[in-house]
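# No letters, just coordinates:
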């Protein structure tokens, strides 16, 4: 039997999950992942913590046969991991914890650890490191890196899958629709040693996620596996360039940027306790972060093109305010892999037609499924940055998932 040849552009969670699912025995698919990083260790931005859900991220992990490896790297101490919402002065509005008795379990794993376990499970030679697809020609050739070397896909790959994020070159080959600025932007920074240096902050955040919200701003602390705390500062903004413009105005002096951010929150009435979160972060870790999304109801939909498709953020980028992005991406990988592997078992002239039909079916299912997740994310975003936040978002979460309201 002739192997089906698949190219995956992008080695993030969705692309690597798909590569693992397609590489499962028996071998019927030959997978090549094009990754812009030059090595597994070359990425400087590691990302925060992800919680995987039973019917999406965890289902994909199970289908790939990676649950044992996942359990070894993930955290599931649900007794001390809380999702908390407070106002800007520290009044606790809402608190929720996963519950082992009801089966509402969402184990956490750092993005870096998830990537490592997915990489470790792949057959040697699957990843082409340093192979950045900088563009795709109208004829479908991949343009690799600054050198402009063109690699034809016509005779080499039966299917090319874009998994390289919001600004996917594969998606641009399919459609001229692009993500739009969500109206929210901000910064990420890290408190490196909170337990020893900032025990009060460490106690307040705990092992979970702690939101403080008000006046169109949000200040969030999230524990990661190293023990560090990721700090996120987001607010309503007029345009996506605003975070980087602040850095530029400060002459790339990140200590000055930190001071400007503290002043911004101080002027908006944040308590001294939360202003200390900004002070405690290492300024060298500050990163500008504008947030993008596709507009509903159909901003993410594209016209099918034989031999090409997309998954994850390349298909339906959304803001992080529902915690669904990586889960939706891994579900994409699961659904697409299932259909591709069924076709790979065929041989002969009918296989190309069957593959095209399978990819069409995946896209139609993905459009519907992702529309629901995007709607939930949009609702959360609007509630979080509403004029009556944090009460608006606390009431919404209380209705959706339960948990404690606090008077």
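Cool, the structure landed. Remember, predicted model here, so these are calculated numbers, not experimental data.
# average pLDDT across stretch 260-267?
What stretch 260-267 shows for mean pLDDT is 97.
# Ok, stretch 119-127 next?
Per-residue scores along stretch 119-127 average to 96.
# quick one: terminal-to-terminal distance for stretch 235-248?
18 Å (C-alpha to C-alpha, to the nearest Å).
# mind checking how far that stretch is from the chain centre?
Mean-position distance between stretch 235-248 and its chain equals 21 Å (C-alpha atoms, centre = their mean, to the nearest Å).
# Give the other helices and strands that the helix or strand hosting residue 353 contacts.
Using DSSP states H and E, residue 353 sits in helix 351-384. With contacts defined as 3 or more C-beta pairs under 8 Å, 6 or more residues apart in numbering; DSSP states H and E, helix 351-384 has these neighbours: strand 282-293, strand 308-310, helix 313-316, helix 325-344, helix 391-401. (Each C-beta comes from the backbone N, C-alpha and C, glycine too.)
# Point out where the stretch 301-407 of the chain drops to low pLDDT.
398-407 (pLDDT under 70).
# Please repeat the previous calculation with a cut-off of 80.
Low-confidence segments of the stretch 301-407 of the chain (pLDDT under 80): 394-407.
# Pull the contacting residues for residue 187.
Residues in contact with residue 187, defined by C-beta atoms under 8 Å, 6 or more residues apart in numbering, are 232-233, 243, 257, 261, 286-289.
# Surely it is within a strand?
Yes: under DSSP: H, G, I helix; E, B strand; the rest coil, residue 187 falls within a strand.
# Name the residues that touch stretch 26-45?
1, 3-11, 15-16, 19, 22-23, 116, 119, 122, 126-133, 142, 144, 157, 164, 287, 340-341, 344-345.
# can you check stretch 354-363 too?
Residues from elsewhere that reach stretch 354-363 (C-beta under 8 Å, 6+ apart): 4, 158-159, 304, 306-307, 309, 332, 335-336, 339-340, 342-343, 346.
# Would you point out the most distant pair within those residues?
332 and 346 (22.5 Å; C-beta to C-beta).
# And the two? Which one has more around it.
Neighbour totals were compared for residue 332 and residue 346, and residue 332 leads with 31 against 16 (other C-beta atoms under 10 Å).
# so who does that one touch?
Applying C-beta under 8 Å, 6+ apart, the residues contacting residue 332 are 14, 18, 311-312, 315, 362, 366, 370.
# again with residue 65
Residue 65 sits next to residue 24 when contact means C-beta under 8 Å, 6+ apart.
# backbone phi and psi for it, please?
Here is the backbone geometry of residue 65 (degrees, to the nearest 10): phi 70, psi 30.
# Also the one 3 residues further on?
Dihedral angles of residue 68 (phi, psi; degrees, to the nearest 10) stand at phi -60, psi -40.
# Quick check: it vs residue 56, distance?
19 Å (C-beta to C-beta, to the nearest Å).
# neighbour count winner among the two?
Per other C-beta under 10 Å, whichever of residue 68 and residue 56 has more neighbours is residue 56, with 21 against 9.
# quick one: that one from residue 243, how far?
Distance, residue 56 to residue 243, using C-beta to C-beta: 30 Å.
# just residue 311 next, same as before
Residue 311 is 27 Å from residue 243, by C-beta to C-beta.
# One more: residue 369?
31 Å.
# higher neighbour count, the two?
Legend: neighbour count by other C-beta under 10 Å for residue 369 and residue 243, higher for residue 243 (25 against 16).
# Could you list which residues are in contact with the more buried one?
Listed by C-beta under 8 Å, 6+ apart, the contact partners of residue 243 are 185-187, 237, 288-290.
# can you pull out the helices in the stretch 151-300 of the chain?
Secondary structure of the stretch 151-300 of the chain (DSSP state H, counting those that start in this stretch): helices at 169-174, 194-197, 199-205, 242-249, 254-267, 272-280.
# need these in JSON lines with distance to residue 105, can you?
Shown next, in JSON lines, are the helices of the stretch 151-300 of the chain (distance: least, C-beta to C-beta, whole Å):
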{"stretch": "helix 169-174", "distance to residue 105": "33"}
{"stretch": "helix 194-197", "distance to residue 105": "25"}
{"stretch": "helix 199-205", "distance to residue 105": "21"}
{"stretch": "helix 242-249", "distance to residue 105": "35"}
{"stretch": "helix 254-267", "distance to residue 105": "34"}
{"stretch": "helix 272-280", "distance to residue 105": "28"}
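# quick one, which of the ones you listed is packed in tightest?
helix 169-174 (a mean of 21; mean count of other C-beta atoms under 10 Å).
# helix, strand or coil for residue 61?
Classification of residue 61 by three-state DSSP places it in helix.
# so it sits right up against residue 70, yeah?
Yes: look at residue 61 against residue 70 with C-beta atoms under 8 Å: they come within range, at 4.9 Å.
# any shared contact partners between the two?
Common neighbours of residue 61 and residue 70 (C-beta under 8 Å, 6+ apart) are residue 52.
# about what we covered before: figure out which of the helices of the stretch 151-300 of the chain is closest to residue 382.
That would be helix 242-249 among the helices of the stretch 151-300 of the chain, by C-beta to C-beta, at 19.5 Å.
# tell me the average confidence for that closest one?
Rounded mean pLDDT across helix 242-249 is 97.
# Roughly how far does the closest residue in space to residue 293 that isn't next to it in sequence sit from residue 367?
Of all residues not flanking residue 293 in the chain, residue 182 sits nearest, at 4.6 Å (C-beta to C-beta, 6 or more residues apart in numbering). Distance, residue 182 to residue 367, using C-beta to C-beta: 20 Å.
# Between the two, point out the one with more neighbours.
The neighbour comparison of residue 182 against residue 367 (other C-beta under 10 Å) goes to residue 182, with 24 against 16.
# quick one, what contacts the more buried one?
Counting by C-beta under 8 Å, 6+ apart, residue 182 touches 290-293, 319, 381.
# if we go to 10 Å?
Counting by C-beta atoms under 10 Å, 6 or more residues apart in numbering, residue 182 touches 234, 236-237, 240, 290-295, 317-319, 321, 377-378, 381, 385.
# Restricted to buried residues, select these in ChimeraX.
Entered in ChimeraX, the line below selects the buried ones among these, by 16 or more other C-beta atoms under 10 Å:
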select :234,237,240,290,291,292,293,294,317,318,319,321,377,378,381,385
